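S.K.: 3D, please:
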Amino acid sequence: MNFNEELQKMNRRRALKLSAGGLGYMALGNLFANDRQLPIDHGIRPKAKRVIYLFQSGGPSQMDLFEHKPMLNKFHGQDIFKFVKKEGKLTGFQKGKIQPIIKSQYSFKQHGECGSWVSELLPHMAKISDDVCTIRSVSTKPVNHDPAMTFMQTGHNLPGRPSMGSWLSYGLGSMNKNLPDFVVLVSKGDLGNMQPLNSRLWGNGFLPGKYQGVRMRSGKNPVLYLNDPSGKSLKDERAHLDLIKELNQEELKRSRNPEVDTRIAQYEMAFRLQSSIPDLSDLSNEPESTFKLYGEDARKPGTYAFNCLMARRLAERDVRYVQLYHSGWDHHFHLPKHLPKRCKEVDQASAALITDLKQRGLLDDTIVVWGGEFGRTAFSQDGKVKKSYGRDHHAMSFTKLVAGGGFKAGLNYGQTDEFCYSVAENEVTVHDLHATILNQLGIDHEQLTYLFQGRRFRLTDVHGHVVHDLLS
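M.R.: Predicted structure coming up:
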């Protein structure tokens with residue numbers, strides 16, 4: 001038998017027959033179809049359809065925003081390790097030094113019927129406390145930015161794994177064929193000490209390329225190269241693409257290479273985006289009340305407020321996963337100078353997005369996540385108590401906010417110790433958080449797998465459990 005000749009004879013029926021050999025071949029059934037992958041049925045009734053992740057890159061200081069700890073005031077300036085036992089990994093800034101406790105400069109109040117503690121830096125988010133599930137006991141493993149962001153987005157600290165948005169695109173398929181399943185929005189501007197955002201954070205890893213995130217730029221052309229070439233009609237372009245598609249389909253039949261299928265899908269998506277992107281980006285139909293809700297910055301492309309408004313518009317159009325990145329939270333020094341600036345940039349728009357989704361009936365089936373890759377220490381970065389103090393990275397305990405999608409509104413879950421150092425009650429790991437989000441989308445995290453190099457991989461690796469106490 002000549003193998004190349006057999007490949008030339010490959011047709012849909014035979015490909016589907018081959019695909020019965022295991023999950024590793026399931027993608028073959030999709031290679032010859034015009035539609036996107038059908039959702040995988042995991043036997044779990046979904047509560048949510050989509051996710052908006054408001055990622056605060058750098059690590060917000062939880063004891064200055066959400067964790068009211070009177071003991072920090074009482075023992076300000078004293079070595080924290082007189083009161084708590086050293087645990088976990090220490091960074092280079094922490095080894096061999098006295099770590100003086102630094103109290104928060106900001107006042108805290110309890111808000112809403114739930115009584116959530118929120119500092120004065122987030123007045124708008126404080127007002128929606130009853131709509132938010134506050135998880136105070138999140139923990140992670142990496143203590144440096146790049147592996148910690150990679151871990152939070154992909155479930156592993158090493159590069160090469162698919163991001164959560166890619167897993168959802170693969171596992172659930174598309175709800176809108178005219179827009180990508182997975183869209184990324186990045187704030188621009190002077191955001192202080194910014195950590196680099198590598199595209200692998202929204203990459204497809206070992207999944208086929210069509211499941212990667214699409215980054216939308218700020219400005220007049222959110223997606224490059226969508227405009228028709230000069231002098232070419234839409235009809236001519238359609239004919240041109242049909243010819244390219246025909247050639248690619250022949251190559252697909254010959255090679256069975258999933259990336260050829262990706263190329264076909266990308267050409268088709270680009271053609272449809274020519275009409276859907278201008279409609280998405282046109283804010284002229286937004287009433288003045290929208291900009292009063294989100295703030296005037298929502299008129300300025302590239303701002304966090306603008307991106308939050310775009311996230312709502314993408315959710316309305318049933319985009320499966322929207323990822324926002326806002327940098328500048330890495331406050332090793334001069335925290336009192338920089339932290340209020342970051343909070344002012346995100347406070348009103350974050351609260352507005354949740355309020356807007358709720359008013360439009362979208363919050364019930366949309367999960368909104370707010371938080372960074374880790375938290376910050378309750379002690380001073382450089383071992384000194386001074387006005388220009390900062391806080392170092394802290395992986396053992398920090399706060400995440402989750403709203404909508406069947407998460408319990410107004411719940412305060414988990415506790416840290418009196419010094420905000422380690423989890424004292426109801427720890428939630430990164431894999432637990434991922435498993436719980438997948439559950440709300442109707443996915444069993446242990447069944448969403450992909451066979452690669454002889455091993456079945458999943459977002460939660462070999463860890464994680466659904467935290468049912470977080471769910472309504």
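
S.K.: can we go C-alpha only for contacts and neighbour counts from here?
M.R.: OK.

S.K.: tell me, what residue is most central in the protein?
M.R.: Geometric centre of the chain, nearest residue: residue 53, 3.8 Å, by Cα atoms, centre = their mean.

S.K.: Contacts only, for that residue.
M.R.: 321-324, 368-370 (Cα atoms under 8 Å, 6 or more residues apart in numbering).

S.K.: nearest to residue 279, of those?
M.R.: The closest of these to residue 279 turns out to be residue 322 (Cα to Cα; 17.4 Å).

S.K.: helix/strand/coil for the closest one?
M.R.: On the three-state scheme (DSSP: H, G, I helix; E, B strand; the rest coil), residue 322 is labelled strand.

S.K.: And the pLDDT at it?
M.R.: Model confidence at residue 322, given as pLDDT, is 98.

S.K.: before we move on, what about residue 88?
M.R.: So residue 88 comes in at 67 (pLDDT).

S.K.: Does residue 436 touch residue 460 like I think?
M.R.: No: if you go by Cα atoms under 8 Å, residue 436 and residue 460 don't touch, sitting 10.4 Å apart.

S.K.: Let me know the distance separating residue 331 from residue 380.
M.R.: Separation of residue 331 from residue 380 (Cα to Cα, to the nearest Å): 11 Å.

S.K.: Give me the below-cutoff pLDDT ranges for the protein.
M.R.: 1-42, 88-96, 189-193, 220, 224-231, 271 (pLDDT under 70).

S.K.: one more time with 50, if that's ok
M.R.: 1-10, 12-38 (pLDDT under 50).

S.K.: any idea which helix or strand comes after whichever helix or strand the residue nearest to the centre of the chain is part of?
M.R.: Per DSSP states H and E: residue 53 is located in strand 50-56. Downstream of strand 50-56, the first helix or strand assigned by DSSP H and E is helix 62-65.

S.K.: Run through who's touching that next one.
M.R.: Taking Cα under 8 Å, 6+ apart as the rule, helix 62-65 contacts 69, 104-106, 118-122, 375-376, 378, 398-399, 420.

S.K.: quick one on the thing from earlier: so which of residue 331 and residue 380 has more stuff around it?
M.R.: residue 380 (28 against 25; other Cα atoms under 10 Å).

S.K.: What distance do you get for the more buried one to residue 82?
M.R.: Computed as Cα to Cα, the residue 380 to residue 82 distance reads 15 Å.

S.K.: before we move on, what about residue 149?
M.R.: 31 Å.

S.K.: the helices in the stretch 351-472 of the chain, which residues?
M.R.: Applying DSSP state H, counting those that start in this stretch to the stretch 351-472 of the chain gives helices spanning 430-440.

S.K.: What are the boundaries of the strands in it?
M.R.: 366-371, 375-380, 391-394, 398-403, 412-413, 415-416, 423-425, 428-429, 450-452, 455-457 (DSSP state E, counting those that start in this stretch).

S.K.: Make JSON lines from those strands and add distance to residue 266 to it.
M.R.: Formatted as JSON lines, the strands of the stretch 351-472 of the chain follow (distance: least, Cα to Cα, whole Å):
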{"stretch": "strand 366-371", "distance to residue 266": "26"}
{"stretch": "strand 375-380", "distance to residue 266": "38"}
{"stretch": "strand 391-394", "distance to residue 266": "39"}
{"stretch": "strand 398-403", "distance to residue 266": "32"}
{"stretch": "strand 412-413", "distance to residue 266": "42"}
{"stretch": "strand 415-416", "distance to residue 266": "46"}
{"stretch": "strand 423-425", "distance to residue 266": "45"}
{"stretch": "strand 428-429", "distance to residue 266": "35"}
{"stretch": "strand 450-452", "distance to residue 266": "22"}
{"stretch": "strand 455-457", "distance to residue 266": "25"}
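
S.K.: Compare residue 149 and residue 82 (neighbour count), which wins?
M.R.: Between residue 149 and residue 82, residue 149 has the larger neighbour count (other Cα under 10 Å), namely 26 against 11.

S.K.: Name the nearest residue to that one, ignoring sequence neighbours.
M.R.: residue 373 (5.2 Å; Cα to Cα, 6 or more residues apart in numbering).

S.K.: In contact with that neighbour, which residues?
M.R.: So residue 373 contacts 56-59, 145, 148-149, 152 (Cα under 8 Å, 6+ apart).

S.K.: ditto for residue 67
M.R.: 117-118, 136, 420.

S.K.: what about it, distance to residue 412?
M.R.: Computed as Cα to Cα, the residue 67 to residue 412 distance reads 11 Å.

S.K.: And for residue 114?
M.R.: 8 Å.

S.K.: Which of the two has more residues huddled nearby?
M.R.: Using other Cα under 10 Å as the criterion, residue 114 and residue 412 rank with residue 412 on top: 21 against 16.

S.K.: what about the closest residue to that one other than its chain neighbours, which SS state?
M.R.: Leaving aside its chain neighbours, residue 412 sits nearest to residue 134 (4.9 Å; criterion: Cα to Cα, 6+ apart). Taken by three-state DSSP, the conformation at residue 134 corresponds to strand.

S.K.: got a list of what residue 102 touches?
M.R.: Taking Cα under 8 Å, 6+ apart, one finds 72-73, 76-77, 378-380, 385 in contact with residue 102.

S.K.: what does residue 135 give?
M.R.: 399-402, 412-414, 428.
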